[in-house]
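Asker: The following block contains a protein sequence and its predicted model.
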Amino acid sequence: MAGGLAALLDDVAAMAKMAAASADDVAAASARTSAKAVGVVVDDAAVTPQYVRGLEPRRELPIVWRIARGSLVNKLLIILPIALLLSWLAPWALTPILMLGGTFLCFEGAEKIWELVHPHGHGGESAHGSGSDDAPSSEQGADAEDKVVKGAVRTDLILSAEIMVISLNTVADQPFLMRTAVLIIVGVALTALVYGAVGLLVKMDDVGLAMARRDSPASQRIGRGLVTAMPHVMTVISYVGMAAMLWVGGHILLEGTHELGAAVPYAWVHHLEELLAQVPGIGGAVGWLGATLCSMVLGLVVGAVVLLVVQAVARLRGTRGRAA
């Protein structure tokens with residue numbers, strides 16, 4: 001009896017070790033996939049605050065929460081089943097789909113740069129769909145909020161699809177249950193990260209105003225500093241998001257062309273990274289920076305080409321419309 005109990009305890013201990021190892025594997029894989037999707041995450045965090053601009057401050061967090069719930073629905077109920085089915089039936093399609101997403105990121109980054117140089121070049125619209133149909137306004141009420149949320153969730157569907165496909169491509173060689181667990185963890189964790197950060201950002205000026213009204217001189221100085229700094233912080237975030245789109249998009253295209261069998265330009269960038277890595281002391285950082293800059297340049301070139309095509313098609317359609 002004692003021997004049977006000991007054997008049972010050994011089996012339980014072995015199962016516990018296997019479960020712990022599996023949990024560690026899932027956590028490690030989730031961390032890797034989250035890092036791969038960082039550019040899209042930054043982009044998402046930079047885009048979302050615009051959707052609560054002009055709305056009543058007391059409604060900002062509820063709207064962010066509604067958008068976050070819509071993002072979870074996008075990731076877990078729409079994109080996840082499709083991605084898993086695709087990885088089972090047509091895993092070869094993941095790299096081309098990922099490259100399409102990377103091209104879209106490059107286009108968005110190039111468009112944002114174009115809008116910085118020519119602010120009225122697109123009539124106030126961006127690739128995120130934040131034109132006249134979705135842009136928030138000073139209009140208040142349930143209908144206005146529903147319009148804002150629907151526009152934000154539509155935009156999030158594109159960004160969430162990129163996040164999930166990047167994540168799936170990272171663990172495509174893992175068992176089905178591992179892929180499923182990783183995608184669920186990444187979807188929930190990145191949604192919480194993005195919209196938690198967005199919630200902090202949109203309320204930071206209110207925190208500053210509250211601190212500025214206190215009796216403490218130190219609190220007042222900090223509050224005024226927050227109110228003054230937040231517009232600049234949002235500007236910096238938009239620039240970081242723009243750079244991240246070009247970097248991640250270009251990197252996806254580099255790796256994608258390599259996986260599809262093309263020797264260049266991946267080989268050139270890899271060779272440059274190895275040369276820069278030989279710099280004493282800081283070689284690793286310099287090599288990474290060089291490869292990142294190459295990815296950004298490639299992303300800018302590809303994005304600029306796509307932007308030119310999009311503009312040409314838009315002008316052609318406009319000309320035909322006037323002729324008709």
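Answerer: Thanks, I have it.
Asker: For Asp215, give its distance to Thr170.
Answerer: 52 Å (C-beta to C-beta, to the nearest Å). Where you see a C-beta, it was placed from the backbone N, CA and C, and this is true even at glycine.
Asker: Those two - which one has more neighbours?
Answerer: Counted by other C-beta atoms under 10 Å, Asp215 and Thr170 do not tie: Thr170 has more neighbours, with 20 against 6.
Asker: How much space separates the more buried one from Glu255?
Answerer: As judged by C-beta to C-beta, Thr170 and Glu255 stand 11 Å apart.
Asker: In stretch 153-161, which of the residues would be classed as buried?
Answerer: The neighbour-count check on stretch 153-161 (16 or more other C-beta atoms under 10 Å) flags Val153, Thr155, Asp156, Leu157, Ile158, Leu159, Ser160, Ala161 as buried.
Asker: What are the boundaries of the helices in the protein?
Answerer: 2-36, 38-47, 57-72, 80-89, 94-117, 142-170, 176-212, 217-259, 266-276, 283-323 (DSSP state H).
Asker: For the stretch 101-250 of the chain, give me the ranges with low pLDDT.
Answerer: Within the stretch 101-250 of the chain, the ranges that satisfy pLDDT under 70 run 120-141.
Asker: most tightly surrounded among the helices of the chain?
Answerer: When the helices of the chain are scored by mean count of other C-beta atoms under 10 Å, the highest mean neighbour count falls to helix 38-47 (a mean of 24).
Asker: Ala110 versus Thr257, what's the distance?
Answerer: Taking C-beta to C-beta, one finds Thr257 at 19 Å from Ala110.
Asker: Then Ala229?
Answerer: Ala229 is 29 Å from Ala110, where distance means C-beta to C-beta.
Asker: got it, and Val269?
Answerer: For Val269, the distance to Ala110 - C-beta to C-beta - is 19 Å.
Asker: try Leu159
Answerer: To Ala110, Leu159 is 17 Å away according to C-beta to C-beta.
Asker: What of Cys294?
Answerer: As judged by C-beta to C-beta, Cys294 and Ala110 stand 16 Å apart.
Asker: next one: Glu162
Answerer: According to C-beta to C-beta, Glu162 and Ala110 sit 16 Å apart.
Asker: Over to Leu209?
Answerer: From Leu209 over to Ala110 the distance is 37 Å, taken as C-beta to C-beta.
Asker: hang on, the earlier thing: let's have the buried residues of stretch 153-161 in CSV, adding distance to Trp92.
Answerer: Formatted as CSV, the buried residues of stretch 153-161 follow (distance: C-beta to C-beta, whole Å):
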residue, distance to Trp92
Val153, 30
Thr155, 29
Asp156, 27
Leu157, 24
Ile158, 23
Leu159, 24
Ser160, 23
Ala161, 18
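Asker: Could you identify the most distant pair in those?
Answerer: Val153 and Ala161 (12.5 Å; C-beta to C-beta).
Asker: Overlap of the contact sets of these two?
Answerer: Asn74 (C-beta atoms under 8 Å, 6 or more residues apart in numbering).
Asker: For Asp156, see how far away Leu190 is.
Answerer: Distance, Leu190 to Asp156, by C-beta to C-beta: 11 Å.
Asker: Same check on Val248?
Answerer: 17 Å.
Asker: Could you do Ala262 as well?
Answerer: Separation of Ala262 from Asp156 (C-beta to C-beta): 32 Å.
Asker: in terms of contact, does Ala152 touch Gly70 like I think?
Answerer: Yes. Ala152 is within contact range of Gly70, at 7.2 Å (criterion: C-beta atoms under 8 Å).
Asker: Assess the claim that Leu307 and Ala110 are in contact.
Answerer: Yes. Between Leu307 and Ala110 there is a contact under C-beta under 8 Å: 4.8 Å.
Asker: Identify the contacts common to the two.
Answerer: Shared contacts of Leu307 and Ala110, defined by C-beta under 8 Å, 6+ apart, are absent.
Asker: just checking, Leu201 touches Val236?
Answerer: No. Using C-beta under 8 Å, Leu201 is not in contact with Val236, being 11.4 Å away.
Asker: Any idea how far stretch 273-289 is from the middle of the chain?
Answerer: Offset of stretch 273-289 from its chain centre (C-alpha atoms, centre = their mean, to the nearest Å): 27 Å.
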